[in-house]
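Q: Following is a predicted model, sequence given first.
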Amino acid sequence: MQLEIELTSLQKETDDSSAQRREAIERELAELRERSDAMKAQWQAEKQAIQGIREKKARLEEARTEADRAERAADLQRAAELRYGEIPELEKELAALEGGEDGPRDGKATPSEATAAADEQLTDEQGAAVNALADALNSDDPRARLFERPRDEGEEEL
């Protein structure tokens, strides 16, 4: 933005130093736009890969749920088709998407590695919160009362 403003102001100038500066700014702007386009393309590719993984996981979960429903309804034919046909196929496709068929790119994390790292971090944060809550409830910490549910009049404390 700053370079574009400077370029616009230099358009009116006619001296040699202004012309040289204008050319340098134009080259720099072209380079920045090229880098921006490359980064946007990479972002779009990663976004599409993550979306594909999410959709495949959702379909896999739906197939598992449908297989459970079919077993409960005694539709063993459909349950078998799902358990031994669709679900393994979906798991293979998901593994291929998560593994990144083209392998790692320039030392950067694949989308599946990025989501796995984010999931692991979330799990670690959740674990720390659960541990802190358990410690507070098992101690005489007055803040622990914040996490207790209100008791009914006839209900006894354990």
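A: Looks like it arrived, so ask away.
Q: Tell me where the chain has helices.
A: In the chain, the segments counted as helices under DSSP state H are 2-10, 16-72, 76-81, 87-99, 111-138.
Q: Give me the mean pLDDT for the longest one.
A: Within the predicted structure, the mean pLDDT of helix 16-72 is 90.
Q: Just want the angle from it to helix 87-99.
A: 160 degrees (axes from the mean of the first three to the mean of the last three CA atoms, to 10 degrees).
Q: Show me what helix 16-72 is packed against.
A: helix 2-10, helix 76-81, helix 87-99, helix 111-138 (3 or more CB pairs under 8 Å, 6 or more residues apart in numbering; DSSP states H and E). C-beta coordinates here come from the backbone N, C-alpha and C atoms, glycine included.
Q: rank those by mean pLDDT and give me the bottom one.
A: Confidence, taken as mean pLDDT, is least for helix 111-138 of the helices and strands packed on helix 16-72 (a mean of 58).
Q: ok, back up a step: in CSV, list the helices of the chain along with mean neighbour count.
A: Shown next, in CSV, are the helices of the chain (neighbours: other CB atoms under 10 Å):
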stretch, mean neighbour count
helix 2-10, 12
helix 16-72, 13
helix 76-81, 14
helix 87-99, 14
helix 111-138, 12
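Q: how close does E28 get to E34?
A: Look at E28 and E34: by CB to CB, to the nearest Å, they are 11 Å apart.
Q: go on, E86?
A: Distance of E86 to E34, computed by CB to CB: 44 Å.
Q: Kindly report the same for E55.
A: Using CB to CB, E55 is found at 32 Å from E34.
Q: cool, R22 as well?
A: 19 Å.
Q: Ok, G85 next?
A: For G85 relative to E34 (CB to CB), the value is 47 Å.
Q: Same question for Q11.
A: In terms of CB to CB, Q11 sits 22 Å off from E34.
Q: For Q11, grab phi and psi.
A: Main-chain torsions, Q11, degrees, to the nearest 10: phi -60, psi -30.
Q: tell me the pLDDT at it?
A: pLDDT at Q11 comes out at 81.
Q: list the contacts for the closest residue to it other than its chain neighbours?
A: Distances taken as CB to CB, 6 or more residues apart in numbering put R22 closest to Q11, at 7.2 Å, once the chain neighbours are dropped. R22 makes contacts with 7, 10-11, 13, as judged by CB atoms under 8 Å, 6 or more residues apart in numbering.
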